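> Predicted model, plus sequence, below.
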Amino acid sequence: GQNIDQPTEMTATEGAIVQINCTYQTSGFNGLFWYQQHAGEAPTFLSYNVLDGLEEKGRFSSFLSRSKGYSYLLLKELQMKDSASYLCAVNFGNEKLTFGTGTRLTIIP
Amino acid sequence: EAGVTQFPSHSVIEKGQTVTLRCDPISGHDNLYWYRRVMGKEIKFLLHFVKESKQDESGMPNNRFLAERTGGTYSTLKVQPAELEDSGVYFCASSQDTGFGYTFGSGTRLTVV
């Protein structure tokens, strides 16, 4: 199967940095997405990685290593509103996304 | 631009009844996708339309599910008859180009009792 693994829950402190990891099976890889989802709302696009390296976008950065089947989402200067689920999703070349179960991030004061 | 709109936001029906979910994609987006999240599990692909044609329906669970996209605009997903295991959140997404830049709707939470 095309399993996507990410931690179920994480907790971090306001103002700090948190890294959410995602691993996947490398066969057929054609791009990796990170989405943020607040409860009861639509998943919203955060980042897209298809080549190795770090993509930075404001407080959020995403890293990809294709050979290792590994990505992480880095959130800096955490704010209370960053409490949400973070979804890692991979395109395995068939125009549909395969999702992990998501990481529920809780920010504490 | 208006986002992806789904209706209803919530639906509670009895086992054996029929429910129809609707999705209005972003105007001009040829690609429309249906996904589903069952409680405690990951979001899973159901099917993909390109305009009015079904490009990939490999994720449809069984023949109780019927998706249509007449005219290549909005789409409906009908569940008939509904079973308890159909409960979950049904998401619709649209994109202009395949494989990139999905915009998701807020989902329809379906509860079958």
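Ah, there it is. Remember, it's a predicted structure, so these values are computed and weren't measured experimentally.

> tell me the contacts of residue B:51?
By CB atoms under 8 Å, 6 or more residues apart in numbering or on different chains, the residues touching residue B:51 are B:30, B:69, B:72. No exception for glycine: its C-beta is placed from N, CA and C like everyone else's.

> Among those, name the buried ones.
For the contacts of residue B:51, a burial check counting by 16 or more other CB atoms under 10 Å in any protein chain shown picks out B:30, B:69.

> As a markdown table, the contacts of residue B:51 with pLDDT would be great.
Output for the contacts of residue B:51, formatted as a markdown table (pLDDT from 0 to 100):
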| residue | pLDDT |
| --- | --- |
| B:30 | 92 |
| B:69 | 97 |
| B:72 | 85 |
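
> From start to finish, how long is stretch B:50-68 in a straight line?
Length of stretch B:50-68, first residue to last, CA to CA, to the nearest Å: 11 Å.

> What residues sit buried inside it?
Buried residues in stretch B:50-68 (16+ other CB under 10 Å): B:55-56, B:59-60, B:65, B:67.

> Name the secondary structure element that contains the most centrally placed residue in chain B.
The geometric centre of chain B, computed from its C-alpha atoms, lies nearest to residue B:34 (CA atoms, centre = their mean), at 3.6 Å. Using DSSP states H and E, residue B:34 maps to strand B:31-37.

> likewise residue B:78?
Per DSSP H and E: strand B:75-79 holds residue B:78.

> tell me how far the helix or strand following that strand is from the chain's mean position?
Toward the C-terminus, strand B:75-79 is succeeded by strand B:88-95 as the next helix or strand (DSSP H and E). Taking CA atoms, centre = their mean, to the nearest Å, one finds the center of strand B:88-95 at 5 Å from the center of the full chain.

> who in chain A is up against chain B?
Contact residues (CB under 8 Å from any CB of the partner chain) of chain A with chain B: A:4, A:30-31, A:33, A:35, A:40-45, A:48, A:87, A:89, A:91, A:94-102.

> coming back round to it: is the strand holding residue B:78 in proximity to chain A?
No: with CB under 8 Å from any CB as the criterion, chain A is not reached by strand B:75-79; the gap is at least 15.3 Å.

> Same question for that strand: list its buried residues.
Buried residues in strand B:75-79 (16+ other CB under 10 Å): B:75, B:77, B:79.

> next one: stretch A:7-24
For stretch A:7-24, by 16+ other CB under 10 Å, it's A:10, A:12, A:18, A:20, A:22-24.
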